[in-house]
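K.L.:
just a sequence and a predicted model for now, questions to come.
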Amino acid sequence: MITTTVGIGLKRLQHLVLWVSDVDRSVRFYRDVLGFEVKSLSPRAAFLRIPGSPDDHHLGLFEQTGVPSPDERVARMYHSAWEVGELTDLARARERLIATGSLVGSSDHGVSLSLYAKDPDGLEFEIFWTVPGGQPAGTRPLDLDAELTRRGL
């Protein structure tokens, strides 16, 4: 039986580990497109982190050859989410994701502005910016250019 108490003291997600079909290709994507830095690399595994962080790693990549693309009709993790510090960072992310053909969607949630993309193995992730003083507003289409203009950026 599960009891409903205050929780177990979780504070944050420290890292995410993914099975990928080609570790070198995935490292290039997460490093060159999203800006992660490589902490350590071996022939079939890599550990990456957000630059400037004291954490050992935020993303682990383990190669498993022959893995099929994700099947969206079965139970699985939907996506991970990575926060950026500035709205201009989100705009820069959009340009990189468009340039690599990775961007698959965007949303305005009132409290955050989000881009959705897929890595080379088809694993979805979100890059988001927290709207200062934002209010929950459901999910609406994101007009990032209008948001940048409205904020004088």
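P.N.:
Perfect, thanks for sending it.
K.L.:
can you give me the strands in the chain?
P.N.:
Listed in chain order, the strands of the chain (DSSP state E) span 16-20, 37-42, 45-49, 59-63, 80-84, 103-108, 112-118, 124-130.
K.L.:
not counting its own residues, what contacts the fourth one?
P.N.:
Translated: strand 59-63. 15-23, 26-27, 30, 36, 43-49 (CB atoms under 8 Å, 6 or more residues apart in numbering). For every residue, glycine as well, the C-beta is placed using N, CA and C.
K.L.:
let's have the strands of the chain in TSV, adding mean pLDDT, mean neighbour count and distance to residue 146.
P.N.:
Formatted as TSV, the strands of the chain follow (pLDDT from 0 to 100; neighbours: other CB atoms under 10 Å; distance: least, CB to CB, whole Å):
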stretch	mean pLDDT	mean neighbour count	distance to residue 146
strand 16-20	93	17	32
strand 37-42	96	13	33
strand 45-49	96	20	33
strand 59-63	95	20	32
strand 80-84	94	16	18
strand 103-108	98	17	10
strand 112-118	97	21	11
strand 124-130	95	19	14
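K.L.:
out of those, which comes closest to residue 142?
P.N.:
strand 103-108 (4.0 Å; CB to CB).
K.L.:
relative to the whole chain's centre, how far out is that closest one?
P.N.:
12 Å (CA atoms, centre = their mean, to the nearest Å).
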